[in-house]
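*Asks:* got a sequence here, can you build the structure:
(chains A and B)
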Amino acid sequence: MWPDERVARFVNENFIPARVHVKDDAAAFKKYGEQYNAQWTPTVLELDPNGEEFYRVEGFLPLDDFRAQLMLGRAHMDFKKAKWAEAEKRFREIVDKLPNAEAAPEAMYWAGVSRYKGTQDATALKETAKSFTQRYTDSSWAKKASIWA
Amino acid sequence: MEIRFRHDVENVLKEAREQNKPVILDFSAAPM
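*Replies:* Below you'll find the model as predicted:
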């Protein structure tokens, strides 16, 4: 996954990348594996600038799903920091660029929430619920959004 | 373009604080 040009660009633009190899650097794995409770590989953590984990991807994923998960984590970081416009943009980018990724329905849900949080306009939630009647209708996120209809 | 993963995690975490930039930390068992 990592050699993919789009993954590399996204990572380099948004993160400082670090790697701990479980065998080749056993001491670091013991230290950071325990610190971050990484029990399995691959485990990819997104850490905020203070080193606090804010998103985790465990196990192999196909390329587009992996890309979407990385993007979803980064979007959630903006959301947690109440950067509503930035978060919405990042969530929508997942839906637009990777509409078939497993994370896309979740991204569409949180894009709507981000817009609502940023504008306090409940229309954002209604529109999101409506979108879920047309896309990702069988997803759990459609059920969660149905209350807004 | 490639990702130049660093292995000095302690320094990476320090720089992340200084630069206010998030970190990707990959725990891997893949051949290097």
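
*Asks:* element containing residue 24, please.
*Replies:* Going with chain A. Counting by DSSP states H and E, there is no helix or strand that carries residue A:24.

*Asks:* hm, I was asking about chain B
*Replies:* strand B:23-28.

*Asks:* and that strand, what other elements does it pack with?
*Replies:* Applying 3 or more CB pairs under 8 Å, 6 or more residues apart in numbering or on different chains; DSSP states H and E, one finds that strand B:23-28 contacts strand A:16-21, helix A:26-35, strand A:43-47, helix B:9-19. C-beta here means a position set from N, CA and C on the backbone, and glycine is covered the same way.

*Asks:* do that again at 6 Å, thanks
*Replies:* strand A:16-21, strand A:43-47 (3 or more CB pairs under 6 Å, 6 or more residues apart in numbering or on different chains; DSSP states H and E).

*Asks:* average pLDDT for the longest one?
*Replies:* By that I understand strand A:16-21. The average pLDDT within strand A:16-21 is 97.

*Asks:* which one is the residue in chain B positioned nearest to chain A nearest to, not counting chain neighbours?
*Replies:* Closest contact between chain B and chain A, by CB to the nearest CB, is at residue B:5 (3.8 Å). Distances taken as CB to CB, 6 or more residues apart in numbering or on different chains put residue A:19 closest to residue B:5, at 3.8 Å, once the chain neighbours are dropped.

*Asks:* tell me the bridge partners for the residue most central in space within chain B.
*Replies:* The geometric centre of chain B, computed from its C-alpha atoms, lies nearest to residue B:6 (CA atoms, centre = their mean), at 4.9 Å. Beta-bridge partners for residue B:6, by DSSP bridges, are residue A:18.

*Asks:* is it true that it touches residue B:14?
*Replies:* No. Applying CB atoms under 6 Å as the test, residue B:6 and residue B:14 come out as separate, 11.6 Å apart.

*Asks:* next, give phi and psi for residue A:58.
*Replies:* Per-residue torsions, residue A:58: phi -120, psi 140 (degrees, to the nearest 10).

*Asks:* so how far is chain B from it?
*Replies:* According to CB to the nearest CB, to the nearest Å, residue A:58 and chain B sit 9 Å apart.

*Asks:* quick one, what contacts that residue?
*Replies:* Residues in contact with residue A:58 (CB atoms under 6 Å, 6 or more residues apart in numbering or on different chains) are A:40, A:43.

*Asks:* how about residue A:135?
*Replies:* With CB under 6 Å, 6+ apart as the criterion, no residue contacts residue A:135.
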